[in-house]
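Student: starting from these lines, generate the structure:
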Amino acid sequence: MKKDLSKIARQKKIKYFLVSFVDLFGIQRAKLVPARAISEMQKTGAGFGGFATYLDLDYDAPDMFAVPDPDSLTQLPWQQEVGWLAADLVINDKPMDQCPRVMLKQQISKLKESGYYMYTGVECEFFLITEDGKEIYDSRDTASKPCYDVSALMRRYDVLKEISEAMIHLGWAPYQSDHEDANGQFEMNWDYSDCLTTADRHVFFKFMVKSIAENHGLRATFMPKPFENLTGNGCHAHVSVWTKNKKRNIFLNHKDELGLSRQGYNFIGGIMKSVDEFSAWLTPTVNSFERLNARMTDSGSTYSPTAITYSGNNRTHMIRIPDKGRFEFRVADGAVNPYLLQASLAAMGINGMEKNIWPGKRIDVNMYTEGKNLEDIKKLPNSLESSLRLLTDGKLPKKVFGEKIINSYEKLKKREISEYQKSNYASRADWARQNVIDC
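Tutor: Modelled structure (predicted):
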């Protein structure tokens with residue numbers, strides 16, 4: 001039996017529900033539904049005109065309906081009478097193929113066929129900036145090496161405390177917050193979970209951070225590279241695969257030097273084989289490539305990979321293995337669609353395990369200083385245009401998600417590229433500040 005949202009509303013004194021979905025660009029959309037109407041919405045979904053969002057639908061397309069998932073119900077910690085719900089899109093009574101949450105659930109089902117479940121955690125970086133988006137909010141945060149700066153951290157204690165206590169209240173088990181490598185930049189971490197729950201929480205986290213920041217007179221942005229001279233916003237993902245109910249981590253091998261099993265290495269091998277084909281989903285905006293192609297920042301490091309390599313506990317690589325039984329994927333940035341991040345990782349990893357793809361010998365050098373001396377190292381694409389070509393030409397994206405979805409994404413993203421090229425802004429960062437700062 002599904003949870004009865006109408007009954008829960010009475011029990012928890014919820015007056016309104018935000019029935020929410022994200023489009024292909026990761027933009028969160030929602031309708032505010034009074035509790036009196038949620039019973040019907042739970043059955044049929046809230047209606048939306050898809051043409052008004054970043055989905056490839058024409059004006060004459062029928063309404064799509066966002067059917068809420070009761071298991072995702074999250075009361076807004078800062079506004080308890082409102083309940084947030086992640087939803088799956090349905091059109092003509094069928095799951096909508098362009099719905100990112102549906103796309104992820106398809107990959108979860110594929111893993112489940114083998115009795116496996118992907119567990120992930122994400123590290124979401126964000127800036128606290130002025131209302132106009134032109135500079136960081138804290139004028140005293142000027143250190144050339146600001147990472148972990150205690151004073152800059154504690155000057156934002158009020159905001160970080162409220163966000164952290166909200167996550168504690170929600171049962172996410174947050175375990176640390178820190179000032180990151182850029183002035184005005186922060187990161188907050190919470191416990192890993194199954195990949196669908198993590199994706200839902202990722203979506204809600206961005207909404208929550210922006211909302212709480214606004215309540216404190218600040219503005220939060222997850223934009224990949226808001227300031228040319230500062231480190232950009234990454235979104236690193238930690239990945240492991242387990243059998244049902246987390247009984248066994250199939251990536252764990254205590255006899256291996258790095259603590260990873262053959263299946264774990266195959267999963268990494270699948271990513272290394274196809275990550276360039278999915279880069280348009282993982283680094284999805286014109287501004288993303290300001291982060292990936294950045295010259296040295298004020299702090300001395302970009303923290304962004306440019307080559308398709310893996311290593312042990314070495315942050316200069318695309319994939320690092322920091323601990324036994326898991327790895328960290330370091331490509332995605334703050335603009336990434338939370339569901340497409342997880343769906344991409346699952347699709348690449350499944351392919352790697354099914355085809356027994358070996359990632360090759362790990363590389364242990366400092367890629368920022370010695371990477372240029374390595375031969376035959378495959379590079380990540382250096383522009384949104386080139387990443388889109390790899391997506392549309394790639395075999396795995398089309399095989400897994402279908403040519404129609406891939407072509408739709410390309411069509412929508414080419415509009416973004418065209419808008420940027422027609423603009424008079426001096427840089428992608430300036431253009432993005434005006435157009436995608438709230439991504």
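Student: what about the helices in the stretch 1-150 of the chain?
Tutor: Counting by DSSP state H, counting those that start in this stretch, the stretch 1-150 of the chain has helices at residues 5-12, 38-44, 100-112, 150-154.
Student: right, and these - which one's nearest Glu131?
Tutor: Smallest distance to Glu131 across the helices of the stretch 1-150 of the chain (C-beta to C-beta): 19.9 Å, for helix 150-154. (Each C-beta comes from the backbone N, C-alpha and C, glycine too.)
Student: what's that closest one in contact with?
Tutor: 138, 140-141, 143, 146, 160, 177-179, 183, 186 (C-beta atoms under 8 Å, 6 or more residues apart in numbering).
Student: please pick the buried ones from these.
Tutor: Buried subset of these (neighbour count, 16 or more other C-beta atoms under 10 Å): 138, 141, 146, 160, 177-179, 183, 186.
Student: TSV for the residues you listed, including pLDDT?
Tutor: Below are the buried ones among the contacts of helix 150-154 laid out as TSV (pLDDT from 0 to 100):
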residue	pLDDT
Asp138	96
Asp141	97
Pro146	95
Leu160	98
Ser177	98
Asp178	98
His179	98
Asn183	96
Phe186	98
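Student: sorry, back to before: now render the contacts of helix 150-154 as a markdown table, adding distance to Ser109.
Tutor: What follows is the contacts of helix 150-154, written out as a markdown table (distance: C-beta to C-beta, whole Å):
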| residue | distance to Ser109 |
| --- | --- |
| Asp138 | 45 |
| Arg140 | 51 |
| Asp141 | 45 |
| Ala143 | 48 |
| Pro146 | 44 |
| Leu160 | 37 |
| Ser177 | 35 |
| Asp178 | 36 |
| His179 | 40 |
| Asn183 | 44 |
| Phe186 | 36 |
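Student: mind listing what Ser211 touches?
Tutor: Counting by C-beta under 8 Å, 6+ apart, the residues that Ser211 touches are 76, 78.
Student: per-residue confidence at it?
Tutor: For Ser211, the model assigns a pLDDT of 97.
Student: how about it, phi and psi?
Tutor: Dihedral angles phi and psi of Ser211 (degrees, to the nearest 10) take the values phi -70, psi -50.
Student: any idea how far it lies from Ala9?
Tutor: In this view, Ser211 and Ala9 are 21 Å apart by C-beta to C-beta, to the nearest Å.
Student: show me what the one helix or strand Phe186 maps to is packed up against.
Tutor: According to DSSP states H and E, Phe186 maps onto strand 185-190. Applying 3 or more C-beta pairs under 8 Å, 6 or more residues apart in numbering; DSSP states H and E, one finds that strand 185-190 contacts strand 116-129, helix 157-170, strand 174-179, helix 195-215.
Student: pairing partners for it, with directions?
Tutor: strand 116-129 (antiparallel), strand 174-179 (antiparallel) (DSSP bridges).
Student: average model confidence for the first one?
Tutor: Translated: strand 116-129. On average, strand 116-129 scores 97.
Student: report the angle between that strand and helix 157-170.
Tutor: Orientation of strand 116-129 against helix 157-170 (axes from the mean of the first three to the mean of the last three C-alpha atoms, to 10 degrees) gives an angle of 160 degrees.
Student: return the distance of strand 116-129 from the chain's centre.
Tutor: Its chain's average C-alpha position is 6 Å from that of strand 116-129, according to C-alpha atoms, centre = their mean, to the nearest Å.
Student: how about the CA coordinates for that strand, as PDB?
Tutor: Extracted in PDB, the C-alpha atoms of strand 116-129 (Å, rounded to 0.1, in the frame of the first residue of the first chain):
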ATOM      1  CA  TYR A 116      22.400  -5.100  -7.200                       C
ATOM      2  CA  TYR A 117      21.700  -1.600  -5.800                       C
ATOM      3  CA  MET A 118      23.900   1.500  -6.300                       C
ATOM      4  CA  TYR A 119      24.600   3.600  -3.200                       C
ATOM      5  CA  THR A 120      26.000   7.100  -3.600                       C
ATOM      6  CA  GLY A 121      26.800  10.200  -1.800                       C
ATOM      7  CA  VAL A 122      27.300  13.700  -3.300                       C
ATOM      8  CA  GLU A 123      29.400  16.600  -2.300                       C
ATOM      9  CA  CYS A 124      27.600  19.800  -3.200                       C
ATOM     10  CA  GLU A 125      29.600  23.000  -3.300                       C
ATOM     11  CA  PHE A 126      28.000  26.400  -3.500                       C
ATOM     12  CA  PHE A 127      28.800  30.100  -3.100                       C
ATOM     13  CA  LEU A 128      27.100  32.600  -0.900                       C
ATOM     14  CA  ILE A 129      27.000  35.800  -3.000                       C
END
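Student: Val275 belongs to a helix?
Tutor: Yes - counting by DSSP: H, G, I helix; E, B strand; the rest coil, one finds Val275 located in a helix.
Student: so how far is Val400 from it?
Tutor: 14 Å.
Student: need phi/psi at the residue nearest the centre of the chain.
Tutor: Centrality entry for the chain: nearest residue to the mean C-alpha point is Pro338, 3.5 Å, by C-alpha atoms, centre = their mean. With angles defined as degrees, to the nearest 10, Pro338 shows backbone torsions of phi -50, psi -40.
Student: distance of the residue lying closest to Leu252 once chain neighbours are set aside from Lys355?
Tutor: In this structure, Leu252 finds its nearest non-sequential neighbour in Gly325, 3.5 Å apart by C-beta to C-beta, 6 or more residues apart in numbering. Per C-beta to C-beta, Gly325 is found 22 Å from Lys355.
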